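Chemist: Starting from these lines, generate the structure:
(4 chains)
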2 protein chains.
Amino acid sequence: MSSRDTGTEQLIKNTAKHLFFAEGKLHATTQEIADAAGVNRTLVNYYFRSRDILFDQVFNEAQEDLFQTLDDVFESDMPFKEKIKNLISVFLKEAMQFPYRELFIITEMNRHDVINAKKARIQKVNTFLEEIQLEMDKGTIKTMNPRHFAINLFSLMAYPLVTAPLNRILFGMNDEDYSALMEERKQLIFEIIFL
Amino acid sequence: MSSRDTGTEQLIKNTAKHLFFAEGKLHATTQEIADAAGVNRTLVNYYFRSRDILFDQVFNEAQEDLFQTLDDVFESDMPFKEKIKNLISVFLKEAMQFPYRELFIITEMNRHDVINAKKARIQKVNTFLEEIQLEMDKGTIKTMNPRHFAINLFSLMAYPLVTAPLNRILFGMNDEDYSALMEERKQLIFEIIFL
DNA sequence: TTTAAGTTTGACAAAATTGTTAAACAAAAG
DNA sequence: CTTTTGTTTAACAATTTTGTCAAACTTAAA
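Modeler: Sure thing, here's the model as predicted:
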């Protein structure tokens, strides 16, 4: 860090994340980011050199944050059911704040050409899948390809928040009502996934 | 139509839809669209006047197509379970071809300021919700807010296709394997939703 | 208080994207 | 064949977005 830190660099980055992940403004311009942050646009270049570099940083941190959250949950020493309950609680909380984070990751992957994950990452996923398989063997959850279990879990958590603007309209609900509906899902998803 | 139809207008629109809905290139430029269609860029202006108008048309048609698909399924005269089986089959097929269509709708809604649905549309949704409620009363499906049932259903169908690029990497699967996994879901989702 | 280093700003330049126009072209109608 | 009408193209213009730079500013250290 430099000798004098005004927090502007973080402010810009956080504002960008808010526009991308929270508001779903997936193609915000540097001007829009600067305006939202209340700073001069050239500061984006001063701190990040270019728009692309800012995007890359946000992209990488989004991935790291997501993986960190999942790792924290899975490397904790709990019985499987507890882990899942915890995962739902933690993930849904983050997803309610940043519903479009995964979407941003996906669309950025589509813009460039798809990257491949680190071996360590894939290993962790496999460990999770094995843990799921173990539960199936125990009979706690319905038998299927463990990937389906993981896919189901994340679909049930993430998608309703992505489609919130559309759902609110179709269901005739305001923000508050819809949030309440999402809260209910913590319990509901757990019940669907097990049993 | 005009006296001489070269099909170029449709070609441009279809190519745009393919970039947006199939490839997830949610912010393709007119040049990228023209290139993908193999036509001169100015034809986009000739046929659509402006980029915005093209986007608006694609947006409206995406919504119409989505709703039409759902209406066709729900206004058909079948028992509930059959309808759902049919919905899964039809929707998943479309979603495999155009995984990002709903996403495009959502992000366009976020770019402008959210529109409100026609009353007729909301009425149809309510009819569907009532039908779900009826099934719950009959005991065919787990009792919950019918909106959850609808949300669960669409989440399980749509999200795995949206996150395909990420999932393929994390699960170490190629396109073919992942498609096979998605095929399996037709049956799987049905089993999760009922019971 | 002067200096030095980082920060912020506005003016400007460059690049990317979109839109316009006139002319060339192609095909159907007269 | 000529005319008419719709289509396509290339050159150009306008706009939007991004990037650069020097000067002004601010604060900490000398």
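Chemist: For stretch A:62-69, buried residues please.
Modeler: A:62, A:63, A:66, A:67 (16 or more other CB atoms under 10 Å in any protein chain shown). Every C-beta, even on glycine, is put in place using the N, C-alpha and C of the backbone.
Chemist: Okay, and residue A:56 sits in which element?
Modeler: Assigning secondary structure by DSSP states H and E places residue A:56 in helix A:51-74.
Chemist: Same check on residue A:78?
Modeler: Counting by DSSP H and E, residue A:78 is part of no helix or strand.
Chemist: go on, residue A:84?
Modeler: In the assignment (DSSP H and E), residue A:84 maps to helix A:80-97.
Chemist: quick one on the thing from earlier: from the buried residues of stretch A:62-69, which two are the most distant?
Modeler: Pairwise distances among these were taken by CB to CB; the largest, 9.7 Å, belongs to A:62 and A:67.
Chemist: Show me how chain A divides into domains.
Modeler: For chain A, automatic domain parsing gives the domain ranges A:1-49, A:59-193.
Chemist: any idea how far residue A:43 lies from residue A:34?
Modeler: Per CB to CB, to the nearest Å, residue A:43 is found 7 Å from residue A:34.
Chemist: Overlap in contacts, the two.
Modeler: Common neighbours of residue A:43 and residue A:34, using CB atoms under 8 Å, 6 or more residues apart in numbering or on different chains, are residue A:12.
Chemist: Find me the pLDDT at residue A:1, would you?
Modeler: Listed pLDDT for residue A:1 reads 43.
Chemist: okay if I get the domains of chain A as TSV plus distance to residue B:57?
Modeler: Shown next, in TSV, are the domains of chain A (distance: least, CB to CB, whole Å):
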stretch	distance to residue B:57
domain A:1-49	19
domain A:59-193	19
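Chemist: From the buried residues of stretch A:62-69, pick the one nearest DNA strand C.
Modeler: Nearest to DNA strand C, judged by CB to the nearest atom of the strand, of the buried residues of stretch A:62-69 is residue A:62 at 22.2 Å.
Chemist: Tell me the residues on chain A that lie near DNA strand C, please.
Modeler: Chain A comes close to DNA strand C at residues A:2, A:3, A:4, A:5, A:6, A:8, A:39, A:40, A:42, A:43, A:46, as judged by CB under 7 Å from any atom of the strand.
Chemist: Any idea how many residues pack against the last one?
Modeler: Pointing back at residue A:46 there. Other residues near residue A:46 come to 13 when the count uses other CB atoms under 10 Å in any protein chain shown.
Chemist: picking up where we left off before, may I see the ChimeraX selection of the buried members of the residues of chain A next to DNA strand C?
Modeler: A single ChimeraX command selects the buried members of the residues of chain A next to DNA strand C (16+ other CB under 10 Å):
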select /A:39,43
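Chemist: re earlier: and the helix holding residue A:84, what does it pack against?
Modeler: Secondary-structure packing of helix A:80-97 (3 or more CB pairs under 8 Å, 6 or more residues apart in numbering or on different chains; DSSP states H and E): helix A:51-74, helix A:119-138, helix A:146-162, helix A:175-193.
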